[in-house]
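Asker: Model the following, please.
(one chain, ligands or ions: 1)
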Amino acid sequence: MSHIYDLIIIGSGPAGLAAAVYAQRAKLDTLVVEKAMVSGGQVLTTYEVDNYPGLPGIGGYDLGLKFREHADRLGARFVEDEVLKIEDGSRGAVKSVVCQGNTYEARALILATGAVHRKLGVPGEEELAGAGVSYCATCDGAFFRNKVTAVIGGGDVAVEDAIFLARMCSKVYLIHRRNELRAAKSLQENLLSLDNVEVIWDTVADSINGDGMVKSLSLTNVKDGQKRELEVQGVFIAVGISPESRAFEGLVDMDHGYIRAGEDAATSAPGIFAAGDVRTKPLRQIITAAADGANAITSVERYLVEN
Ligand code: NAP
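Answerer: Got it, this is the predicted structure:
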């Protein structure tokens, strides 16, 4: 018979790792199932994190490692596997986490699978992915030293990416569909102070063009309908995130793919909790993901005592 854990945490971003820390302190028999080879989630691809209290300006990769080291220090147990589906979400039942490599069982689950980059959905995007089209400036920016690049989007990620790229690219265009950025004001100020960044407002990309490598972007100004061709060697797409929740369809209630759960992390399925970017919430940040991990453990403890 397989081992039945008190708790399985699925995902090892800030929410999953904070939950692992709290679970160890609560002496819950816990397993963390992570898909990626390196823990940390989206934080790993953030160049610099300047809003996590106590650690101003820390590199995203370093912060991800610190979260993991903390969980390791407390003895958290990790396994690398990809979750395919969950069986039995009823109250009091043992839940089976069916993965590619193995099936694991627990009395309670925390779904902390986070989110992934959203695609822009224009011609050329898929064909030129990895050939000038990228979703991660910190991963791929170095390939564009002294080149001209464009970032598409107007949120925190787009503006952070443009600031990061401006350090190495000769010119960076930020292409945004409105005339106002969604990103934090401090990031906007930083961006607009850079000489080699130009914001192209009210503009959408119709296609990414190239022959084996990115050569240009076809743009349309949404206000006056004017079209133009912009020569670039790299296109960084930062148009938001999609929740990683496919494996949980039919198991828990969702809203546009986000798992419906409040601050107590309780989902529609008893004993199954959701934490971090994958749950419905107003603010998706590292600190709110970590807070979710802590709240989820309090709810798990209560559930395990009562069921
Ligand atoms: P986001 O905040 O949802 O912003 C997405 C941006 O892409 C928006 O400006 C949006 O335009 C634009 N967009 C969406 N679909 C588009 C399309 N089809 N064509 C053109 N533009 C499109 O996403 P994000 O920047 O990836 O950030 C994700 C989450 O992580 C956010 O909650 C963010 O606050 C958080 N985050 C926080 C930090 C930090 O605190 N340091 C850093 C990174 C990320 P509109 O503005 O017109 O909607």
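Asker: Residue 93 is in contact with residue 105, correct?
Answerer: No - judged on Cβ atoms under 8 Å, residue 105 makes no contact with residue 93 at a distance of 10.1 Å. Where C-beta positions appear, they are placed from N, C-alpha and C, glycine not excepted.
Asker: Quick check on those two: which one has the bigger neighbour count.
Answerer: When neighbours are counted by other Cβ atoms under 10 Å, residue 105 and residue 93 differ, and residue 105 comes out ahead with 17 against 14.
Asker: So that one belongs to a helix, correct?
Answerer: No - counting by DSSP: H, G, I helix; E, B strand; the rest coil, one finds residue 105 to be strand, located in no helix.
Asker: Show me the beta-bridge partners of it.
Answerer: When bridges are called by DSSP bridges, residue 105 pairs up with residue 4, residue 96.
Asker: Could you do the one 5 residues further on as well?
Answerer: Beta-bridge pairing of residue 110, defined through DSSP bridges, involves residue 9, residue 273.
Asker: What score does it have for pLDDT?
Answerer: Listed pLDDT for residue 110 reads 98.
Asker: Please report how far it lies from residue 268.
Answerer: 15 Å (Cβ to Cβ, to the nearest Å).
Asker: out of those two, which sits in the more crowded spot?
Answerer: Legend: neighbour count by other Cβ under 10 Å for residue 110 and residue 268, higher for residue 110 (31 against 14).
Asker: can you tell me which residues contact the closest residue to residue 87 other than its chain neighbours?
Answerer: Spatially, and ignoring its direct neighbours in sequence, residue 87 is nearest to residue 96 (4.2 Å; Cβ to Cβ, 6 or more residues apart in numbering). Counting by Cβ atoms under 8 Å, 6 or more residues apart in numbering, residue 96 makes contact with 86-88, 103-105.
Asker: let's see 10 Å
Answerer: 2, 4, 8, 85-88, 103-106, 109 (Cβ atoms under 10 Å, 6 or more residues apart in numbering).
Asker: Same check on residue 239?
Answerer: So residue 239 contacts 117-121, 135, 151-155, 157-158, 176-177, 205 (Cβ under 10 Å, 6+ apart).
Asker: Give me the nearest residue to it, chain neighbours excluded.
Answerer: Spatially, and ignoring its direct neighbours in sequence, residue 239 is nearest to residue 153 (4.6 Å; Cβ to Cβ, 6+ apart).
Asker: Now do the phi/psi pair for the one you found.
Answerer: phi 140, psi 170 (degrees, to the nearest 10).
Asker: Roughly how far does it sit from the ligand?
Answerer: Distance of residue 153 to the ligand, given as Cβ to the nearest ligand atom, to the nearest Å: 4 Å.
Asker: isn't that residue right up against residue 238?
Answerer: Yes - counting by Cβ atoms under 10 Å, residue 153 touches residue 238, with 3.8 Å between them.
Asker: Are there residues contacting both of these two? Which ones?
Answerer: 118, 120, 159, 161-162, 174, 183.
Asker: got these as JSON lines, with distance to residue 217 and neighbour count columns?
Answerer: Formatted as JSON lines, the shared contacts of residue 153 and residue 238 follow (distance: Cβ to Cβ, whole Å; neighbours: other Cβ atoms under 10 Å):
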{"residue": "118", "distance to residue 217": "18", "neighbour count": "14"}
{"residue": "120", "distance to residue 217": "11", "neighbour count": "20"}
{"residue": "159", "distance to residue 217": "18", "neighbour count": "27"}
{"residue": "161", "distance to residue 217": "15", "neighbour count": "29"}
{"residue": "162", "distance to residue 217": "15", "neighbour count": "29"}
{"residue": "174", "distance to residue 217": "12", "neighbour count": "30"}
{"residue": "183", "distance to residue 217": "21", "neighbour count": "23"}
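Asker: Show me those residues that map onto helices.
Answerer: Judged by DSSP state H, the shared contacts of residue 153 and residue 238 include 159, 161-162 as members of helices.
Asker: Skipping its backbone neighbours, what lies nearest the residue of the chain found nearest the ligand in space?
Answerer: Per Cβ to the nearest ligand atom, residue 155 is where the chain lies closest to the ligand, at 2.4 Å. Spatial nearest neighbour of residue 155, chain neighbours left out: residue 182 (4.6 Å); criterion: Cβ to Cβ, 6+ apart.
Asker: No more questions from me, cheers.
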